[in-house]
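> Fold the following.
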Amino acid sequence: MTLDQLDRGQRATVLAVDWSAIAPDDAKRLQAMGIDAGARVAVAHRGVFGGADPIALIVGRMTVAVRRLHAAAMEIDPA
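Take a look at the predicted model:
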């Protein structure tokens with residue numbers, strides 16, 4: 001399952017990230033915010049337009065907005 005499929009309010013652990021599917025600058029920013037394998041995340045909100053972009057994630061004590069494309073590159077274990 002990928003992060004873009006996670007329901008609002010549900011928590012998960014990031015198992016792997018396909019960094020090749022994400023632009024290098026965006027990948028650096030995501031890693032700097034702690035989004036990498038092993039991170040615990042939860043979906044706080046989803047955008048209301050079109051493809052529900054962006055997705056607001058809770059990572060630790062931060063809320064981070066990520067694009068649906070980025071979330072689709074992250075394999076997760078919902079728990």
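> Hmm, Trp19 is touching Lys28, no?
No: with contact defined as C-beta atoms under 8 Å, Trp19 does not reach Lys28; the gap is 9.8 Å. The C-beta positions use only the backbone N, C-alpha and C, and glycine is treated the same way.
> Let's verify the spatially most central residue of the chain: helix, strand, or coil?
When C-alpha atoms, centre = their mean is applied to the chain, the residue found nearest the centroid is Ala71 (4.2 Å). Assigned state for Ala71: helix (three-state reduction, DSSP: H, G, I helix; E, B strand; the rest coil).
> of Trp19 and Lys28, who's got more company?
Legend: neighbour count by other C-beta atoms under 10 Å for Trp19 and Lys28, higher for Trp19 (15 against 12).
> Check the gap between the more buried one and Val59 for me.
Trp19 is 17 Å from Val59, where distance means C-beta to C-beta, to the nearest Å.
> Show me what counts as buried in the lengthiest helix in the chain.
Determined from DSSP state H, the single longest helix within the chain is helix 24-32. By neighbour count on 16 or more other C-beta atoms under 10 Å, the buried set for helix 24-32 is Ala27, Leu30.
> other SSEs contacting whichever helix or strand comes after that helix?
Using DSSP states H and E, the helix or strand that follows helix 24-32 towards the C-terminus is strand 40-46. Where contact means 3 or more C-beta pairs under 8 Å, 6 or more residues apart in numbering; DSSP states H and E, strand 40-46 is packed against strand 11-17, strand 55-59.
> Stretch 56-75 spans what distance, first to last residue?
17 Å (C-alpha to C-alpha, to the nearest Å).
> same deal with stretch 62-73?
Using C-alpha to C-alpha, the end-to-end distance of stretch 62-73 comes to 20 Å.
> Any buried residues in that stretch, and which?
So, applying 16+ other C-beta under 10 Å, buried residues of stretch 62-73: Val64, Val66, Arg67, Arg68, His70, Ala71, Ala72, Ala73.
> Could you do stretch 45-65 as well?
By neighbour count with 16+ other C-beta under 10 Å, stretch 45-65 contains the buried residues Arg46, Asp53, Pro54, Ile55, Leu57, Ile58, Val59, Val64.
> what residue ranges in the chain score low on pLDDT?
Scanning the chain for pLDDT under 70 picks out 50-51.
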